[in-house]
Structures are given as C-alpha cells and as structure tokens.
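[1] sequence first, predicted coordinates after that:
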Amino acid sequence: MPTFETRLASVVVKNITGCTELLEVERLSGGASQETYRLKVVLNGMATPLAMRRTPGGEYVEALPSHPGLDVEALLMQSAKAVGVPEPEVYHVLTREDDLGDGFIMEWIEGEALGARITRDPQFASIRPTLAKACGEILARIHGIDLDQSGLRSRLAELPPKQFLDQMLARYHDFNVSQPMIDYTGRWLQENLPKTDRLTLVHNDFRAGNFMLMPDGISAVLDWEVAHIGDPMRDLGWICTNSWRFGSQLPVGGFGTYEDLFAGYEAESGIKVDPDHVKYWEVFGSFWWAIGCLGMAEHYRCGPDQSVERPAIGRRTSECQVDCVNLLIPGPVDLLAPAPALGLDMPSQQELIQSVRDYLRDDAMQNLQGRSQFLARVAGNSLDMVLRELALGGQNQAMETARLRQYYDSTAALGDLRARLSEDLRTGKVPLSDETIQQHLRATVVNQIAIDQPNYSGFKRALAGGSLDFRTPGKAASLVAI
C-alpha cells in the first residue's frame, strides 16, 4: 500500500504545473483544528516550499453549509485575493482520487503568525502602530465580497446573531457538562442580541495567529475554515477578544486601539462602526471560545487525532470564562492560597509528576524538533496544571460545593448543584443581577484559572477586580488560606 509521502509525491507532480519531485514533508506545530504541512518540491527546476492543509488524520468530511470543508476554504482564499486581501495562491484542491483526505496545497508565504511575537518582537515595532487600522481595512474588504458572484452564497451557512448564539448554546448543551459561567454569559447574550439587517461574508477567526505578518505589513490571511454569512461585527469583536491579545493591554490583537480598527474599517467600507455592537461580539468571542475549548476536549475523547494538545486546549475554557467575568461581573474575589505538602509516600505524587515534567523540558525537548518538540512543551504545561491542582488539594471544588449548598439549602453533590445552577441561569429562575451568584461565579472561575493558567492576563486583571476595558477596577483579591 502506498505511503502518505508516496501518494503526496504523486499528487504534487501530477497537479502542479512545473513540479517534478517531492523532496521533503514536515508537519508543523499548532493547527489544532486542521493539519498543516510544509512541503519542499522541485518547481520549475528549483527547490521550492509549499504548504498543505488537510483534515486531521486525512478524514473526508461531508460537505454541508455548516461544515463547508477545505475545498470551500480554498475558494474563500481565492475570492479574498481577488478583492485585494493578501492571500497565497492555491495550486491544487485535494480530491478523493488523491487519497490524502480533504485539503489543498498552496503557495508558501513567509511571515510571522505567532501572536506573542507579533505583539512583542522588535522587528514589528514600526508596523504595529498602523496594524489595527490595516486589519480594519482588510476586514472591510472581506465583508464587501460579492457572495453571489464568488459562488460563496450557496456554499456557506447563513448565521444571523440569534441563530449563531442558539447554535453555540446547543453545541454546549450537547457536551452534557455544567459550566455555570458559560450559562450566565449565554443568558446575557440572549438578553442583549444586536439588531442588524446587514449580513456579509464573515471570516469568523481573523486574529493574530491566523494572518502572516512581515515587517512591512500583513502578507496573508489564513484559516478560513469557520467562515459563514452573518453579522460582520463578529469579526471586529473577535480580534478584540482577550484570548488574542497575548498578554498585552492593547485591545485590538494586543497591538492596537479600537479607534484605529474602526477608522480603518470606516475608511474602506464607508460604514460607521457602533462600539456597543462590537462589544457584544467581544463578549460572544470569549463565550464562543470557551465552548470551542470544551469541544477540543470532546474531540480528544472521541476523535481520530488524540494528541496531547487537545486536552490542554480543553482546559483553556477557564481563560475565556474569566474574561467573561471581567467583562460582565467584575469585582473582588477571594483567592485560595496553595499549601503544597509532600504526601506520605516517598516519592510523593507531586515528585513523580514533577520528574516527568522536568524530563520533558530538560531532556526530551532538547532532543526533539518541530511538532514533536512543541507537543513535549504542551505535555510539560499539562503536568504543571496537575501539580497546581494537587497543591490545592481539591479545595476549590470544596468551596464551590459549600457556597452552592448554602445558596440552595441543599446537601446535594457538586455535580448536581452545578447542573441546577446552570439550568436556573438558562431559564432565568436565577436572575443575572443576583449578587450572591455573581460572587460565586467570580470565586469559582478565578480560582480555576489559578490552576489552569495563572500567567493568563485575564486572571491578573481579575485579581485586581477590574474588567477588560472600560469599567473601573474594583478591590484587589484577598487570599484565603487552605
């Protein structure tokens, strides 16, 4: 049976004009939703890099408007390129006869995609002051694409705000897990739906990390896999979501201001931006990614690509939830103080886990490359998470249980109490203005993020009792010793 490399070599030689040989194939790090490869081929007599995106494990996905597939992603890139959005050239869309799964092969574009480097690297210092405006201009061009002329209208789902919200709530409910802060935010979003008749192409994941940046500007917009037809302000709110600020205080991607983003959009489109409308989608962004992270954990349990990356991303739901806390219910919170202690056994659980973590970081990572090195780093971070959870000794859940038992005057188990609160928030039986529940949610989410990712910027902001943007910071958190 031909190997993956053999089949790929046949495909590039057969379908790319001037290509005579496949020299190398490397799967790149990242790409939790789709696989990304760097190919080196002989093209017109020269060694040339290309890129390939395909479904995890080489799956074939049924083409539906709600899951348009990578062939539609290729069409989206071609349509965007035609209106002046920086895009790579697509050379070949994979077919069933290629036996490689769904995907496409495209031009290799140089540039930086790591958000942390985009926001901090000195080589981008001169472009950062104008980058938010440039993002606004690019988004306006995307939103101006003619859906009928491009052929995209029949290939994409139409998701007005209410339908999009209902879809995400249904997805969350299907996980059959109770996360009351997600339910609280979902209820707020239901009560504050924007009113808009303007539906356009929406990239739906436009942010640093999904565009390539060179010192002179954006060189390519990538990762169109979740595009749809909907409210264009979704894109403006998403790039302002705290998950994509990479620790920076600047609200637009960690590199710019709302004012510059809006100015670029208005200049290119001629349409005035309503900041409150964008703000709704900023809240929705944290809500959406909180559910998306849970989806990664679910995919680890059920999907074909059970890499160490997926459960690690699953725990990032607490990052998004603490952003929702900061946006909707900022205020003081009691933070549990870890009281690490070695167990009775020698070595202890903590020491065993720490030894594996140190091996991954000090030995394995030094002898690995590419994606394997990246996954070793992810594995080490996951073990850090477990060590912090052990240090707290289950006290966060114990305090959560105590608060809910007092609130409901019940002796039920935590799982039942969480489910009851989630249901009460969904139905409105517990109003969003209930200060006891607001305080409970803050304490639960902030103490969970202390375990999952204490370096996250939203956690640090929550400790100051502040919000992500325009609210006045409250009192700092106090420590509750275990």
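    Received, thanks.
[2] spatially, what comes nearest to the residue most central in space within the chain if we skip its sequence neighbours?
    Within the chain, one residue has its C-alpha closest to the average C-alpha position: by C-alpha atoms, centre = their mean, that is residue 289, at 5.4 Å. In space, not counting the residues next to it along the chain, residue 289 is nearest to residue 320; the distance is 4.8 Å by C-beta to C-beta, 6 or more residues apart in numbering. Where you see a C-beta, it was placed from the backbone N, CA and C, and this is true even at glycine.
[3] okay, helices next: where are they in the stretch 1-150 of the chain?
    Taking DSSP state H, counting those that start in this stretch as the test, the helices found in the stretch 1-150 of the chain are 4-15, 70-82, 115-120, 128-143, 147-150.
[4] now the helices for the stretch 201-350 of the chain?
    In order along the chain, the stretch 201-350 of the chain carries the following helices (DSSP H, counting those that start in this stretch): 233-239, 258-269, 275-302, 309-314, 317-328, 349-359.
[5] out of those helices, the one nearest residue 121 is which?
    helix 233-239 (18.7 Å; C-beta to C-beta).
[6] buried ones in that closest one, by neighbour count?
    Buried residues in helix 233-239, defined by neighbour count with 16 or more other C-beta atoms under 10 Å: 233, 234, 235, 236, 237, 238, 239.
[7] hmm, back to that, for the helices of the stretch 1-150 of the chain, which one sits closest to residue 268?
    helix 128-143 (3.6 Å).
[8] average model confidence for that closest one?
    Averaged across helix 128-143, pLDDT comes to 98.
[9] follow-up on the earlier one: as TSV, the helices of the stretch 1-150 of the chain with distance to residue 96 and mean neighbour count would be great.
    Below are the helices of the stretch 1-150 of the chain laid out as TSV (distance: least, C-beta to C-beta, whole Å; neighbours: other C-beta atoms under 10 Å):
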stretch	distance to residue 96	mean neighbour count
helix 4-15	12	16
helix 70-82	11	20
helix 115-120	36	19
helix 128-143	30	22
helix 147-150	24	13
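[10] for residue 441, which of the ones you listed is the nearest?
    With C-beta to C-beta as the criterion, residue 441 lies closest to helix 115-120 of those, at 27.8 Å.
[11] the closest one packs against which elements?
    Contacts of helix 115-120 with other secondary structure elements, assessed using 3 or more C-beta pairs under 8 Å, 6 or more residues apart in numbering; DSSP states H and E, are made with helix 128-143.
[12] gap between the helix it packs on and the chain center?
    Relative to the centre of its chain, helix 128-143 is centred 20 Å away, using C-alpha atoms, centre = their mean, to the nearest Å.
[13] any idea which of the helices of the stretch 201-350 of the chain gets closest to residue 376?
    Shortest distance between residue 376 and the helices of the stretch 201-350 of the chain, using C-beta to C-beta, is found for helix 349-359: 9.4 Å.
[14] for the closest one, buried residues please.
    Buried residues in helix 349-359, counting neighbours by 16+ other C-beta under 10 Å, are found at 350, 353, 354, 357.
[15] flag the shaky bits of the chain, pLDDT-wise.
    By pLDDT under 70, the weakly predicted segments of the chain are 1, 29-33, 63-67, 304-305, 339-343, 466-482.
[16] torsion angles phi and psi at residue 331?
    Backbone torsions for residue 331, taken as degrees, to the nearest 10, come to phi 160, psi -180.
[17] so what's the residue count around it?
    Counted with other C-beta atoms under 10 Å, residues neighbouring residue 331 total 19.
[18] same thing with residue 20?
    Summarising burial for residue 20: neighbours were counted as other C-beta under 10 Å, giving 12.
[19] could you do residue 45 as well?
    8.
[20] ok, it - contacts?
    Counting by C-beta atoms under 8 Å, 6 or more residues apart in numbering, residue 45 makes contact with residue 20.
[21] could you measure from it over to residue 21?
    Between residue 45 and residue 21 the distance is 10 Å, computed by C-beta to C-beta, to the nearest Å.
[22] then residue 252?
    According to C-beta to C-beta, residue 252 and residue 21 sit 44 Å apart.
[23] looking at these two, which one has more neighbours?
    For residue 252 versus residue 21, the count of surrounding residues by other C-beta under 10 Å is larger for residue 252: 26 against 12.
[24] didn't the more buried one look like it was pressed against residue 134?
    No: contact between residue 252 and residue 134 fails when scored by C-beta atoms under 8 Å: they sit 10.6 Å apart.
[25] isn't residue 281 up against residue 231?
    Yes: proximity of residue 281 to residue 231 meets the contact threshold set by C-beta under 8 Å, at 7.3 Å.
[26] and for the two, which residues touch both?
    The contact sets of residue 281 and residue 231 overlap at residue 194 (C-beta under 8 Å, 6+ apart).
[27] where exactly do the strands run in the stretch 101-250 of the chain?
    In chain order, the stretch 101-250 of the chain shows strands spanning 103-107, 158-159, 200-202, 211-214, 217-221, 228-230, with DSSP state E, counting those that start in this stretch as the criterion.
[28] output these as CSV; include the columns mean neighbour count.
    Below are the strands of the stretch 101-250 of the chain laid out as CSV (neighbours: other C-beta atoms under 10 Å):
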stretch, mean neighbour count
strand 103-107, 22
strand 158-159, 18
strand 200-202, 23
strand 211-214, 22
strand 217-221, 20
strand 228-230, 21
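[29] would you turn those into JSON lines with distance to residue 38?
    As requested, these are exported to JSON lines (distance: least, C-beta to C-beta, whole Å):
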{"stretch": "strand 103-107", "distance to residue 38": "11"}
{"stretch": "strand 158-159", "distance to residue 38": "33"}
{"stretch": "strand 200-202", "distance to residue 38": "28"}
{"stretch": "strand 211-214", "distance to residue 38": "13"}
{"stretch": "strand 217-221", "distance to residue 38": "14"}
{"stretch": "strand 228-230", "distance to residue 38": "29"}
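[30] for residue 275, give its distance to residue 318.
    The separation that residue 275 has from residue 318, given C-beta to C-beta, amounts to 28 Å.
[31] one more: residue 42?
    For residue 42, the distance to residue 318 equals 48 Å [C-beta to C-beta].
[32] looking at these two, which has the bigger crowd around it?
    Applying other C-beta under 10 Å to residue 42 and residue 318 shows that residue 318 carries more neighbours, namely 26 against 16.
[33] out of the buried residues of helix 349-359, who's nearest residue 262?
    Checking these against residue 262 with C-beta to C-beta, the nearest one is residue 357 at 44.3 Å.
[34] number of residues surrounding the residue lying closest to that closest one once chain neighbours are set aside?
    For residue 357, the nearest residue in space outside its immediate sequence neighbours is residue 383; the separation is 4.0 Å by C-beta to C-beta, 6+ apart. Residue 383 has 19 neighbouring residues, counting by other C-beta under 10 Å.
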